[in-house]
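K.L.:
Got a predicted structure here, sequence first:
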Amino acid sequence: MSVSGLDDFNSRIKRINSARNTSYFDPELGMNIPKRVSHETIRRTAKAKRPSFKAFGLSVVIGAGAVIVAQVLRLRGLGLTEPGNAALFVDLLLALLIVLTVTGGLRYRLLRYRVAQALGVVAVLGLGHNLMWYYPDQMAVIYSADYVQSVRDTTEPGLPVLQDVTINL
């Protein structure tokens with residue numbers, strides 16, 4: 001190694017070990033990366049990653065909305081108006097695809113959010129018919145008047161329904 005090469009090497013080592021040198025440039029990321037991170041920064045980051053009730057509630061709404069959209073797609077797009085196992089399977093499959101599509105770009109892919117989305121799906125499947133009892137005109141616009149009437153003929157308001165079986169509480 002030449003003298004100038006050794007001087008360049010020693011000056012680089014001096015710059016790296018300098019107290020003023022707090023970051024290094026990563027050419028792959030194209031940004032400065034801090035060398036030392038304070039405990040306060042770590043604590044702030046850990047607090048930011050805590051699950052919130054708002055995110056959990058939004059996940060429930062995403063799951064519930066996915067079932068409603070899946071039912072509309074099944075009724076209007078596929079023409080399956082008869083209740084039964086086939087309709088339930090199609091609703092669940094479409095709801096799963098919708099949930100995965102919507103949450104694919106969001107931060108709601110963790111297990112706790114997936115559980116909340118499943119809770120929203122189950123809530124609408126079991127209690128969604130109550131919307132047709134309380135808001136028949138609005139639901140007729142979303143689904144169809146015939147479907148709303150058939151649901152009102154086969155269910156009772158305020159009670160959960162599982163696979164066309166009303167559960168009396």
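P.N.:
Great, that's in hand.

K.L.:
CA atoms for contacts and neighbours, from now on please.
P.N.:
Noted.

K.L.:
gap between the two ends of stretch 103-110?
P.N.:
Stretch 103-110 has an end-to-end distance of 10 Å (criterion: Cα to Cα, to the nearest Å).

K.L.:
pLDDT (mean, whole number) over it?
P.N.:
For stretch 103-110, mean pLDDT is 80.

K.L.:
List of residues touching that stretch?
P.N.:
55, 59, 114 (Cα atoms under 8 Å, 6 or more residues apart in numbering).

K.L.:
Of those - the most surrounded one?
P.N.:
Counting neighbours by other Cα atoms under 10 Å, S59 leads these with 25 neighbours.

K.L.:
tell me the contacts of it?
P.N.:
108, 113-114, 116-117, 120.

K.L.:
a helix runs through it, doesn't it?
P.N.:
Yes: under DSSP: H, G, I helix; E, B strand; the rest coil, S59 falls within a helix.

K.L.:
who's in contact with the residue nearest to it when sequence neighbours are not counted?
P.N.:
The shortest distance from S59 to any non-neighbouring residue, by Cα to Cα, 6 or more residues apart in numbering, is to Q117 (5.0 Å). By Cα under 8 Å, 6+ apart, the contact set of Q117 is 59-64, 99.

K.L.:
For those residues, could you give me JSON lines that also reports distance to A86 and pLDDT?
P.N.:
Output for those, formatted as JSON lines (distance: Cα to Cα, whole Å; pLDDT from 0 to 100):
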{"residue": "S59", "distance to A86": "26", "pLDDT": "89"}
{"residue": "V60", "distance to A86": "24", "pLDDT": "90"}
{"residue": "V61", "distance to A86": "24", "pLDDT": "90"}
{"residue": "I62", "distance to A86": "23", "pLDDT": "90"}
{"residue": "G63", "distance to A86": "20", "pLDDT": "90"}
{"residue": "A64", "distance to A86": "20", "pLDDT": "91"}
{"residue": "V99", "distance to A86": "20", "pLDDT": "90"}
